[in-house]
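Engineer: Here is a sequence with its predicted model. Questions after.
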Amino acid sequence: MLYEIRLAEEDDIRIIAELLNKVTLNLHRKNINQWTYPWDFEEINMDIKNKNSYVITIDKLIIGTFSVKDMGINEELYINGPNNLYLYRIAILPEYQGKNIGLKVINYVFQISRNSRKKLYLDCWAGNIKLKEFYCKAGLDYCGDFQEEDYMISVFKYE
């Protein structure tokens, strides 16, 4: 299968919202409650307008999405430099998971990080051991676990 990654467009908002809702419900069935259901169209639309959101396609079918934005200092996560990127809201339809698409996303964003000469950060629910192992194997450094609302998150970085 040939995957393509492109910036999300305003016409993609409905499909992205449906995809995020499907992935969120699948996570909730696994007792991973980091995301809230249903997704807010305005939040997704804002990221698209700001050119932070991307889609992953196979033959023009959107099978995944992720977002990347500039991030400054974050004292809660002990990020003390101003020039950072934050990778967030990575979602791949369940039927396409386990096919190395997540690694393609990570490598794509690594390239953005290198080209912009910015450190890259991302996080996940601290209880998601499989995802934490994936991030470490993909080349991210584990920074630690931090309190986020009523649960813990694990933070990773790439320099």
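Structural biologist: Structure's in. What do you need?
Engineer: who touches the strand ranked longest in the chain?
Structural biologist: Counting by DSSP state E, the longest strand found in the chain is strand 61-71. Strand 61-71 has contacts (CB atoms under 8 Å, 6 or more residues apart in numbering) with 3, 8, 12, 15-16, 19-20, 47, 50, 52-57, 79, 84-93, 96, 101, 105, 109, 112, 118, 121. In short, each C-beta sits where N, CA and C put it, glycine included.
Engineer: Stretch 7-23 now?
Structural biologist: 35, 37-39, 41, 44-45, 47-49, 51, 53-55, 62-65, 89, 91-94.
Engineer: ok, now stretch 96-116?
Structural biologist: 1, 3, 5, 54, 56, 58, 63-64, 66, 68, 85, 87, 90, 92, 119-120, 134-135, 138-140, 158.
Engineer: what about burial for those, which qualify?
Structural biologist: Neighbour counting by 16 or more other CB atoms under 10 Å classes 3, 5, 54, 56, 63-64, 66, 68, 85, 87, 90, 92, 119-120, 135, 140, 158 among these as buried.
Engineer: Could you list which of these belong to strands?
Structural biologist: Per DSSP E, the subset of the buried ones among the contacts of stretch 96-116 in strands is 3, 5, 54, 56, 63-64, 66, 68, 85, 87, 90, 92, 119-120, 158.
Engineer: what's the farthest-apart pair in those residues?
Structural biologist: Ile63 and Lys119 (28.4 Å; CB to CB).
Engineer: For the chain, which segments are assigned as helices?
Structural biologist: 13-29, 41-49, 101-116, 129-138 (DSSP state H).
Engineer: Looking at these, spot the one closest to Asp150.
Structural biologist: helix 13-29 (15.1 Å).
Engineer: still on that earlier bit, next, format the helices of the chain as a markdown table and append distance to Asp150.
Structural biologist: Output for these, formatted as a markdown table (distance: least, CB to CB, whole Å):
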| stretch | distance to Asp150 |
| --- | --- |
| helix 13-29 | 15 |
| helix 41-49 | 20 |
| helix 101-116 | 26 |
| helix 129-138 | 19 |
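Engineer: Please tabulate these in JSON lines and include mean pLDDT and distance to Ile153 as additional columns.
Structural biologist: Below are those laid out as JSON lines (pLDDT from 0 to 100; distance: least, CB to CB, whole Å):
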{"stretch": "helix 13-29", "mean pLDDT": "96", "distance to Ile153": "14"}
{"stretch": "helix 41-49", "mean pLDDT": "96", "distance to Ile153": "18"}
{"stretch": "helix 101-116", "mean pLDDT": "97", "distance to Ile153": "18"}
{"stretch": "helix 129-138", "mean pLDDT": "95", "distance to Ile153": "10"}
